[in-house]
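A.B. asks: using only what follows, build the 3D model:
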Amino acid sequence: MGIALVRELADAVGMMFSSGSSRFGLGGVLLWLALMVGFSVPAGGQTGAAAGQDVTQRPTSTPYSGDLSIFEYPDRDKKLQIDRVMDLLGIVAGKNVADIGAGSGWFTVRASRRVGPTGVVIAEDINPLAVEYIGKRAFKEDLSNVRTVLGSPDDPRLPSGSVDAVLMLKVYHEIAHPVSTMKVLQKALRPGAKVGIIDRNGNGADHGLNHEVVVKEMEQAGYKLVGTYDFTKADGQDYFLIFQVR
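C.D. replies: The predicted structure follows:
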């Protein structure tokens, strides 16, 4: 349910209990709320427990939707040691790579140059403006091996058996249903594919998530931890985890 709808419901409930509107009674208000929530389910189908998906409950952060240029700050390559990240994920010439939550395409561009003309980079994001931005950037920078995909919050919508490596750069903490989402991702992974998650320790709502939580959720989704690193930021709060399907 969107934030705007929640606010509308809250305002409506307040009006019902205000003077002159109490005739609805508590039972009537609860029934009205149930109907409204039911009508708020997307036309494409049910979500959460009703659809058999995981209902992992933990704080999440709102996906960033502002100026994409903030991801292009100077010496980010050096601070993240992105070449080392790609080495550990086995990203070399000819490989197919997915950049999930690609944002401005910062990693997409670097992976594109690494895999070369015989490889492919799939830039996925749930923000259509980001997908459009990356498409234009790839054309402008002559990156013919870049493909864009508009995903959904619970499904990156990658082609089946399409990638050798995945990187989720500061995006995992935004996933509301991590177990089911990462299970869906497995369909896109080739045998031996590696999934890299770079994030920051936090409580989920502060644009970070403790790495122990990530490991637990990934294990529930059918993955095993094969690498743990802390070189992606000097303060040691960022972590880089590598998983493979069990």
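A.B. asks: what sits up against the longest strand belonging to the chain?
C.D. replies: For the chain, the strand that runs over the most residues, judged by DSSP state E, is strand 189-200. With contact meaning Cβ atoms under 8 Å, 6 or more residues apart in numbering, strand 189-200 is reached by 80, 85, 88-90, 96, 161-173, 182, 185, 207-209, 211, 214, 218, 223, 226, 232-233, 237-245. Heads up, the C-betas are built off the backbone N, CA and C, glycines and all.
A.B. asks: domain-wise, how is the chain divided?
C.D. replies: Per the record, the chain has its domains at 3-40, 68-245, by automatic domain parsing.
A.B. asks: can you tell me which of those domains is most buried?
C.D. replies: domain 68-245 (a mean of 18; mean count of other Cβ atoms under 10 Å).
A.B. asks: now that domain, how far from the chain's geometric center?
C.D. replies: Offset of domain 68-245 from its chain centre (Cα atoms, centre = their mean, to the nearest Å): 9 Å.
A.B. asks: what's the span of it from first residue to last?
C.D. replies: 32 Å (Cα to Cα, to the nearest Å).
A.B. asks: now that domain: mean pLDDT?
C.D. replies: Domain 68-245 shows an average pLDDT of 95 in the prediction.
A.B. asks: tell me where this structure has strands.
C.D. replies: 96-100, 120-125, 146-150, 163-169, 189-200, 223-229, 238-245.
A.B. asks: let me have these in JSON lines, extended by distance to residue 73.
C.D. replies: Shown next, in JSON lines, are the strands of the chain (distance: least, Cβ to Cβ, whole Å):
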{"stretch": "strand 96-100", "distance to residue 73": "18"}
{"stretch": "strand 120-125", "distance to residue 73": "19"}
{"stretch": "strand 146-150", "distance to residue 73": "21"}
{"stretch": "strand 163-169", "distance to residue 73": "14"}
{"stretch": "strand 189-200", "distance to residue 73": "16"}
{"stretch": "strand 223-229", "distance to residue 73": "22"}
{"stretch": "strand 238-245", "distance to residue 73": "15"}
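A.B. asks: looking at those, which is closest to residue 59?
C.D. replies: strand 189-200 (13.7 Å; Cβ to Cβ).
A.B. asks: sheet partners, orientation included, of that closest one?
C.D. replies: Sheet pairing of strand 189-200 (DSSP bridges) gives strand 163-169 (parallel), strand 238-245 (antiparallel).
A.B. asks: follow-up on the earlier one: using PDB, list the CA coordinates for the longest strand of the chain.
C.D. replies: This file holds the C-alpha atoms of strand 189-200, laid out as PDB (Å, rounded to 0.1, in the frame of the first residue of the first chain):
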ATOM      1  CA  LEU A 189      21.400 -17.500 -12.600                       C
ATOM      2  CA  ARG A 190      23.600 -19.800 -14.600                       C
ATOM      3  CA  PRO A 191      25.400 -22.700 -12.900                       C
ATOM      4  CA  GLY A 192      28.000 -21.400 -10.600                       C
ATOM      5  CA  ALA A 193      26.800 -17.800 -10.800                       C
ATOM      6  CA  LYS A 194      27.800 -15.500  -8.000                       C
ATOM      7  CA  VAL A 195      25.600 -12.900  -6.300                       C
ATOM      8  CA  GLY A 196      27.400 -10.000  -4.700                       C
ATOM      9  CA  ILE A 197      25.700  -7.700  -2.100                       C
ATOM     10  CA  ILE A 198      27.400  -4.500  -1.000                       C
ATOM     11  CA  ASP A 199      25.600  -2.700   1.700                       C
ATOM     12  CA  ARG A 200      26.000  -0.900   5.000                       C
END
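A.B. asks: what angle sits between that strand and strand 223-229?
C.D. replies: 50 degrees (axes from the mean of the first three to the mean of the last three Cα atoms, to 10 degrees).
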